[in-house]
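S.K.: Provide a 3D model corresponding to the input given below.
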Amino acid sequence: AAFLTALGHAHTHGHPITWHTLIPPATTIPLPTYPFQHTRYWLNDKAVTGAQDAVQLGLVPTPHPFVPATTTLAETGATILTGHISPAQHGWLADHAVNGTVV
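M.R.: Sure, this is the predicted structure:
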């Protein structure tokens, strides 16, 4: 294990290693390199702040105040109910506090 770990460290620091010579059944596959050819796959801060419309997020809107959107899983057909409950959206929640912390 220590030998393979040392080889892994050498490989990640740019030293070429012929893995199939050291470990005969080993095969290698090409992996994407970070940062994925300069393509950003993460949401920026502006995309995740503020209220979002369920349709813009690819969800089906509902009239329910606590479950404003649903989506159906393609693989199983199961329905997922989603919602966000906060004192900013539902002011009455601020009345439910224990030692000054909204529950």
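S.K.: residues in contact with the longest helix along the chain?
M.R.: If each helix of the chain is counted by residues according to DSSP state H, the longest one is helix 2-12. Contact with helix 2-12 is made by 17, 22, as judged by CB atoms under 8 Å, 6 or more residues apart in numbering. Heads up, the C-betas are built off the backbone N, CA and C, glycines and all.
S.K.: mean confidence for it?
M.R.: When pLDDT is averaged over helix 2-12, the result is 87.
S.K.: and it, which residues are buried?
M.R.: Across helix 2-12, burial judged by 16 or more other CB atoms under 10 Å covers no residue at all.
S.K.: need the next SSE after it, C-terminal direction.
M.R.: Using DSSP states H and E, the helix or strand that follows helix 2-12 in sequence is helix 19-22.
S.K.: CA-only coordinates of that next one in CSV, if you can.
M.R.: The C-alpha trace of helix 19-22 is given here as CSV (Å, rounded to 0.1, in the frame of the first residue of the first chain):
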residue,chain,number,x,y,z
TRP,A,19,1.0,1.3,-14.6
HIS,A,20,0.5,-1.8,-16.7
THR,A,21,4.2,-2.7,-16.2
LEU,A,22,4.0,-2.4,-12.4
